[in-house]
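# Need a 3D model of the following:
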Amino acid sequence: MLKVERNLANNSLQAYERDLFQYHNYLESIFKLHHIEKVTHGNIRAYIRHLNDRGLSPNSVKRAVSSIRTYHNFLSAEGHVKDNPAQLVDTPKVTRKLPDILTVNEIDRIMSVIPINQPLAKRDNAIFELMYSCGLRVTEVCDLEENDLFGRDTINLTANVGDQVKFSAELPKEIQDTAFKLESKFPPNSILDDSKIIIDETNSFIQFVPDISGTYTIGLSLSQYNNQISSTQIFICEVLSNETTGNTKNDKEIKIKKTYEFVRVKGKGEKHRLVPIGPNAREKLQDYFKLERNSLKGKNSNVSQIFLSRNGRKLTRMMIWILLKKWVSIAQIEKEVSPHTLRHSFATHLLEGGADLRSVQEMLGHRDITTTQVYTHLDNEHLKEVHRTYHPRFN
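As a prediction, this is how the structure comes out:
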C-alpha cells in the first residue's frame, strides 16, 4: 500500500517495516496480544512511553508513531478491524534542530587532503565534490548510473583561411534519424555569421569556410542521447581543400571531449530532478572516468553505477560514510561530519550567496518548501555575524 499509494523509497519502506515489527513484538511480549483488533489506545500510549524510555531520538519516536497510525488507519479503512485505537494518538512535537554545516574553508581542506596519486583518490574526490556541488543524499550518489550524466560534447579544430570545413557525426544506428543540435564557437576576430555557415536540414553536419586562421570549436548538444554515445565515439571533421594554396587535406578523425553539465537524480519517492554540476565536480568526474573507472568496471561488467568499489561493485552508503570520516579525520576537522553534512552545506552556502529559496528547494528535491526553510535560519545566523563584525555600533 505504501509503495503504491505514497510511492515511498525502499529505505523508507524498510524503516516502516522495522517499526511495525518492533511494535508487534512489544504488544505480544508485554500485553500478550496476538490479535491486532484487541489493541487499545492505552496499549499504543504505553508503547510510545517505552520508546521514550529507551532513549530514542524525538525524530525516531515521531516516525514510529507515524508508522503505527498509518498501519491502524489502513486496517480500519479496509475493514480488518472495527475500531481505530490510533485515531486519538498525538504525533510527538519535534524541535527542529539546525543542521550542522561546514565552512567553505573546511570543505576545501577535506578535498585537499585526498592524495592525488593514491589508489581510488580520483573516485573519492569525485564523490565528495559531486555531493557538495549538487547537494546529493548519500543514497542518491550510490544509485547514480552512467546515463544520469548530461552535458555537451565538443571538438577543437585548427583551420586556416580558405579551408572548406565540413563537420559531421557518425551516430549509432538507433539515433541516426534523430536531429541533434550543432553549435559553433569561432576565434574572437572571426566575422562569420549564420548566413555563411551551412547546416543541413537534419542538423547532421555543419560546413563553413574560415575567414581567419585559428581554433574553431564545434559543440554538440546531445544531452538526451549521452547514454547511447560512448566517450570514444568517432566524429569526422573534413578539411576539404585550401583554395589559396591548392593543398588538399585528408579527413581527420576526432574523438569528442565530453563535458558533464547536469546530473539526473532519483530522489525520494522515485522522483527525478536535474541539478547543475559545478566546474570543480565536473573536472573531478572527468578525471575519475578517464583514469580509474574503466579499470574498476572491468572487474564487474554488469554494474551500471558510476561509483564502484575496488572490486567493481556498487558502493554502499556505509562505504561512503567511512570514506568521508577518514578524510575528515586527516583534515583535522573536529566537527561531527556525515555525508548529509555536505548536503546541508550546499544549501546553506547557496542561500548565503544570494540564491532564492525556491531554486534551492528544487535542487534539493524537497516536496515541501518548509523543509528547505530550515536553511534560512542558518543564513540569518550568517547575516547576524556579518552585522556584528562590520556594523560600527558593534565595535
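
# Now do stretch 293-307: everything it contacts.
123, 126-127, 141-149, 308-315 (CB atoms under 8 Å, 6 or more residues apart in numbering). Yep, even glycine has a C-beta here, placed from its N, CA and C like the rest.

# List the ones among the residues you listed that fall in helices.
Mapping the contacts of stretch 293-307 onto helices (DSSP state H) picks out 123, 126-127, 141-143.

# Reformat the residues you listed as a markdown table; add neighbour count.
Shown next, in a markdown table, are those (neighbours: other CB atoms under 10 Å):
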| residue | neighbour count |
| --- | --- |
| 123 | 24 |
| 126 | 24 |
| 127 | 30 |
| 141 | 24 |
| 142 | 20 |
| 143 | 19 |
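
# closest to residue 333 among the residues you listed?
Set against residue 333, the nearest of these by CB to CB is residue 127 (17.2 Å).

# quick one: the closest one from residue 274, how far?
Going from residue 127 to residue 274 by CB to CB, to the nearest Å gives 19 Å.

# thinking again about what came up before, if any of the contacts of stretch 293-307 are buried, give me the PyMOL selection for them.
Here is the PyMOL command that selects only those of those that count as buried (16 or more other CB atoms under 10 Å):
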select buried, resi 123+126+127+141+142+143+144+146+148+149+308+309+312+314+315
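
# follow-up on the earlier one: how about TSV for the ones in helices among the contacts of stretch 293-307, with distance to residue 50 and pLDDT added?
Putting the ones in helices among the contacts of stretch 293-307 into TSV (distance: CB to CB, whole Å; pLDDT from 0 to 100) gives the following:
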residue	distance to residue 50	pLDDT
123	44	96
126	45	97
127	39	97
141	36	97
142	34	96
143	35	95
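
# what would these look like in CSV with distance to residue 355?
Listed next are the ones in helices among the contacts of stretch 293-307 as CSV, based on distance: CB to CB, whole Å:
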residue, distance to residue 355
123, 29
126, 24
127, 23
141, 22
142, 26
143, 26
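
# Of the residues you listed, just say which sits nearest to residue 12.
In terms of CB to CB, no member of those lies closer to residue 12 than residue 143, at 14.3 Å.

# For the closest one, give me its contacts.
By CB under 8 Å, 6+ apart, the neighbours of residue 143 are 266, 305.

# what do you get for residue 354?
The contact partners of residue 354, taken as CB under 8 Å, 6+ apart, number zero.

# what's the weakest-modelled helix or strand in the protein?
Using mean pLDDT, DSSP states H and E, strand 252-255 stands out as the lowest-scoring helix or strand of the chain, at a mean of 45.
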